[in-house]
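Engineer: Output the structure for:
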Amino acid sequence: MVNEFYKEMTGKESVIRQFFDFARGRAAELGPDSVFNFSIGNPSVPAPESFKQALLDIVENGDPVKLHGYSPTLGQDSTKKCIADSLNRRFGMNYEAKHIFPTSGAAGALAHAIRCVVKDGDTVLTFAPYFPEYNPYVNGTGASLKVVPADYDTFQINFEEFEKMLDENVAAVLINSPNNPSGIVYTTETIEKLAAILTAKQDEYGHEIFLITDEPYREIVFSGVDAPFPSKFYDNSICCYSFSKSISLPGERIGYMAVNPAAKDADLLVPMAGQVSRFTGHNCPTALMQFAIERVIDETSDLSIYEKNAELLYNELTRIGYKIVKPMGTFYMMPRVPDKNSSSDGLRDANEWCWKAAKELGLITVPGDSFQCPGHFRISYCVPTEMIEKSIPLFEKAFEF
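Structural biologist: Predicted coordinates:
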């Protein structure tokens with residue numbers, strides 16, 4: 001008999017994928033010029049040329065036995081040291097190689113980090129708007145994910161609601177900054193306040209509350225934005241990172257989990273992650289990707305296009321009349337659905353509006369409900385600037401729906 005839990009999940013397709021698949025179908029039927037697809041966050045700039053050269057050099061000149069042999073369960077020592085040194089150099093930390101666990105992207109890092117610090121019956125808190133895949137990451141561990149309602153005015157942490165929900169069952173708090181889907185970056189003031197609350201509650205409840213930070217957009221921060229490194233402010237923290245966005249490598253599935261050296265049981269958490277891998281079938285990233293990352297550890301793709309696109313979209317959409325919390329990084333923003341015919345709470349049905357825009361105009365965005373941000377929609381603007389320019393008249397039409 002098949003597993004009923006996973007069978008049921010097959011009927012719960014991601015809303016993002018629903019709109020992405022609709023866009024593909026429309027493009028196949030009516031032509032690519034009929035679609036303005038802002039549904040999915042796939043980087044639109046190439047990886048650095050230095051990354052390509054690193055791959056070629058490693059393959060052509062590296063030791064083939066070492067390159068194609070089994071990687072150690074806890075990752076290549078040289079890669080781990082390289083990552084630790086980079087974090088220390090950039091953020092004033094004191095990581096060692098033993099605190100770094102290479103993973104298959106940020107998703108792999110999160111899956112391991114959560115399993116290392118929660119057990120059946122625990123609660124993990126996160127903040128709306130949030131990435132909906134956090135649900136399987138957390139709920140698959142036997143813990144439960146609870147979502148703190150959004151502060152729609154700023155998309156910073158809603159501390160009033162957070163403190164109501166922070167009880168003795170909370171084992172971890174999961175944050176994503178820079179944030180998908182809002183494009184907001186938590187400020188130093190926000191992180192300091194969060195750290196102070198968690199420290200006080202640890203003392204009150206008599207157990208650790210881990211802060212798990214999901215940071216794949218760390219390098220995509222716009223000019224003048226205050227973007228603190230959260231682990232600098234709170235000892236019991238685990239940073240989860242991916243090179244997917246910074247170096248445009250989503251298909252290579254390479255990232256890491258970094259345990260704060262000051263955390264409780266810091267020296268045990270990476271070996272524990274190795275044991276988690278035995279249950280999940282995760283056998284660390286390929287040796288090739290680990291060695292290649294060493295060569296470009298502090299480099300990025302040319303990320304400037306995302307800030308250019310953000311400015312263009314924000315200026316044009318606010319001119320039209322859309323209400324938007326201005327993005328501070330990433331390649332997402334989350335405008336409010338035009339409030340004509342809104343409900344009593346002032347929030348209009350985003351699903352209805354997004355599908356109408358998709359079907360009538362070929363304007364593909366994602367409703368905010370799955371991010372627990374009703375009445376809003378996400379725009380993923382990692383697209384050619386020309387496409388944004390051509391889409392503005394469609395956003396004007398959609399505003400009148």
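Engineer: Buried residues, the helix or strand harbouring residue 19. List them.
Structural biologist: Element membership of residue 19, judged by DSSP states H and E, is helix 15-30. The neighbour-count check on helix 15-30 (16 or more other C-beta atoms under 10 Å) flags 15-16, 18-20, 22-23, 26-27 as buried. (Each C-beta comes from the backbone N, C-alpha and C, glycine too.)
Engineer: I'd like the residues you listed laid out as a markdown table, including distance to residue 166.
Structural biologist: Shown next, in a markdown table, are the buried residues of helix 15-30 (distance: C-beta to C-beta, whole Å):
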| residue | distance to residue 166 |
| --- | --- |
| 15 | 29 |
| 16 | 29 |
| 18 | 34 |
| 19 | 34 |
| 20 | 35 |
| 22 | 39 |
| 23 | 40 |
| 26 | 44 |
| 27 | 46 |
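Engineer: Among those residues, which one lies nearest to residue 226?
Structural biologist: residue 16 (28.9 Å; C-beta to C-beta).
Engineer: pLDDT score for that closest one?
Structural biologist: pLDDT, residue 16: 87.
Engineer: Quickly note the distance from it to residue 364.
Structural biologist: Residue 16 is 10 Å from residue 364, where distance means C-beta to C-beta, to the nearest Å.
Engineer: what is in contact with the two at once?
Structural biologist: Counting by C-beta atoms under 8 Å, 6 or more residues apart in numbering, the contacts common to residue 16 and residue 364 are residue 39.
Engineer: for stretch 42-58, what is the average pLDDT?
Structural biologist: Computed over stretch 42-58, the mean pLDDT rounds to 96.
Engineer: Between the two ends of that stretch, what distance do you get?
Structural biologist: 26 Å (C-alpha to C-alpha, to the nearest Å).
Engineer: what's the spacing between it and its chain's center?
Structural biologist: Offset of stretch 42-58 from its chain centre (C-alpha atoms, centre = their mean, to the nearest Å): 22 Å.
Engineer: What of stretch 23-36?
Structural biologist: Relative to the chain's own centre, stretch 23-36 is displaced by 28 Å; criterion: C-alpha atoms, centre = their mean.
Engineer: Give the rounded mean pLDDT of that stretch.
Structural biologist: What stretch 23-36 shows for mean pLDDT is 90.
Engineer: what does it contact?
Structural biologist: Outside stretch 23-36, the residues that touch it by C-beta under 8 Å, 6+ apart are 37, 39, 358, 361-364, 387, 390-391, 394.
Engineer: Out of those residues, which is nearest to residue 5?
Structural biologist: Nearest to residue 5 among those is residue 39, at 27.7 Å by C-beta to C-beta.
Engineer: so that closest one, which of the three states?
Structural biologist: Using DSSP: H, G, I helix; E, B strand; the rest coil, the structure places residue 39 in coil.
Engineer: Please apply the same query to residue 377.
Structural biologist: strand.
Engineer: Okay, and the beta partners of it?
Structural biologist: Judged by DSSP bridges, the bridge partners of residue 377 are residue 367.
Engineer: Would you quantify the distance from it to residue 238?
Structural biologist: For residue 377 relative to residue 238 (C-beta to C-beta), the value is 31 Å.
Engineer: who's in contact with residue 146?
Structural biologist: Counted by C-beta under 8 Å, 6+ apart, residue 146 has contacts 123-126, 165.
Engineer: Identify the residues contacting residue 214.
Structural biologist: Residues in contact with residue 214 (C-beta under 8 Å, 6+ apart) are 106, 110, 131, 174-176, 240.
Engineer: For it, which non-adjacent residue is spatially closest?
Structural biologist: Leaving aside its sequence neighbours, residue 214 sits nearest to residue 176 (C-beta to C-beta, 6 or more residues apart in numbering; 4.2 Å).
Engineer: Please work out how many residues are found near the one you found.
Structural biologist: Neighbourhood size, residue 176 [other C-beta atoms under 10 Å]: 26.
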